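Asks: Predicted model and sequence below, questions to follow.
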Amino acid sequence: MRAYALVLLISALATFLLIPFARWLALRVGAVTAVRKRDVHSIPTPRLGGAGMYLGMLVAFIFASQLPFLQKVFSVDLPTCVTQGCDSAWAIVIGGGLVCLLGIADDIWDLDWMTKLVGQILAAGFVAWQGVQLISIPIAGLTIGSPRLSLFLTVFVIVLVMNAVNFVDGLDGLAAGIVGIGGAGFFIYSYLLTQQTNPGSYASVAITVLAALVGACIGFLPYNFHPAKIFMGDSGSMLLGFVISSAAILVTGQIDPSTITLGATIPAFAPLLLPAAILVLPLLDMGLAVVRRLAAGKSPFAPDRLHIHHRLLTLGHSHRRAVLVMYTWSAVFAFGAVALFVFQFRYVAIGGFIAILVMVVITAWPLATRRLQSSKVSKGKLNAL
């Protein structure tokens, strides 16, 4: 665990130190988000925060590759990877770099959606080609027998998650916080799973990737929390989606279902539930947006102000409070799913029901308060008559 904590710390520190450089670069190349009707920020803000996050994770990966504990994770060095083929860890690093470059190009020149989609497919195809693929479905011992189907599903999942995180990146600190919280939950789950399935060695590609990811989110948030000094841009949102989906595939798509002890502690559906629970808000927001826009006869990629975070602002939450509400919802789902691995299902169900009930009250509180105040005003007018 100490090695992973070091990777997380290095990633956070490197990202924190590199974000000012990313901000300077964004201002130099004109990667600045203007104030548009659908936006909630009030002044033009530089983006390219994703470049700093990627460099922070890269520093953490290079550091991790030198740790004896993680030697099995990095079976080849980076130069060998470039010339002769990669292991899963370096494949994610290189694939993440491709995604980040694609996002940087979009942050500077505003690429059309088709160009971005092709680039996303190529990056996802690269990492799948290097071995990060959905091989098994960890329930009932199901395996994906067709290599073509495995490749297709892998690319589809990675592209889906990249765009889901991109959709939810609409408030200061929102995407980085949600992915960081989800990544932390996934980190804990992956570590516990590794202890059970591989007690001889706790070295894991997925855990290393998640530690670097969470660290990058932590290092970025001081600059991105409201009022943001820099946005992550597509270079960051697509990068976060790419990395967390790749880690999810390594954990839930490549484990041997027969090695998991299914019983009172962990239900059979938990390995499938966890990725969905961690990404429930981005996936829900994207699904609602696509359905809403198609029903209106618009492109699924047409922007609007009807995302979940916009609705929270409409309810009466402040910018920061709306972000914190979504953080808490993410934590409820993510750590609730992780709890299935530790506690009996009935206890998790009871605790989850209470947590959701509390969150419903907190989420709707401004609306209830506004109605109560309106009711008092109306009564006051009647009494005056």
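Replies: Sure thing, it's come through.

Asks: need the next SSE after the lowest-mean-pLDDT helix or strand in the chain, C-terminal direction.
Replies: Every helix and strand in the chain was compared by mean pLDDT, DSSP states H and E; the lowest is strand 142-143, with a mean of 60. Once strand 142-143 ends, the next helix or strand along the chain (criterion: DSSP states H and E) is helix 147-168.

Asks: Flag every buried residue along the helix or strand following that next one.
Replies: Using DSSP H and E, the next helix or strand after helix 147-168 towards the C-terminus is helix 174-197. The neighbour-count check on helix 174-197 (16 or more other C-beta atoms under 10 Å) flags 174-191, 193-194 as buried. The C-beta positions use only the backbone N, C-alpha and C, and glycine is treated the same way.

Asks: could you list every residue that touches Leu122?
Replies: Leu98 (C-beta atoms under 8 Å, 6 or more residues apart in numbering).

Asks: Let me see the confidence value for it.
Replies: Per-residue confidence (pLDDT) for Leu122: 96.

Asks: just Arg38 next, same as before
Replies: 61.

Asks: Just give the nearest non-adjacent residue to the residue nearest the centre of the chain, would you?
Replies: By C-alpha atoms, centre = their mean, the chain has its centre lying nearest to Val179, at 3.2 Å. What sits nearest to Val179 in space, not counting adjacent residues and going by C-beta to C-beta, 6 or more residues apart in numbering, is Leu240, at 4.5 Å.

Asks: and the one you found, that one's in a helix?
Replies: Yes. Counting by DSSP: H, G, I helix; E, B strand; the rest coil, Leu240 falls inside a helix.

Asks: Give me the distance between it and Val76.
Replies: 26 Å (C-beta to C-beta, to the nearest Å).

Asks: And Gly336, by the same measure?
Replies: For Gly336, the distance to Val76 - C-beta to C-beta - is 38 Å.

Asks: Kindly report the same for Phe126.
Replies: In terms of C-beta to C-beta, Phe126 sits 16 Å off from Val76.

Asks: still on that earlier bit, so who does the residue nearest to the centre of the chain touch?
Replies: Val179 makes contact with 165, 213, 217, 240-241, 244 under the criterion C-beta under 8 Å, 6+ apart.

Asks: Including pLDDT, distance to Leu117 and neighbour count, could those residues go into a markdown table?
Replies: As requested, the contacts of Val179 are arranged in a markdown table below (pLDDT from 0 to 100; distance: C-beta to C-beta, whole Å; neighbours: other C-beta atoms under 10 Å):
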| residue | pLDDT | distance to Leu117 | neighbour count |
| --- | --- | --- | --- |
| Val165 | 94 | 15 | 32 |
| Leu213 | 97 | 23 | 30 |
| Cys217 | 97 | 25 | 30 |
| Leu240 | 96 | 18 | 32 |
| Gly241 | 95 | 13 | 28 |
| Ile244 | 94 | 19 | 28 |
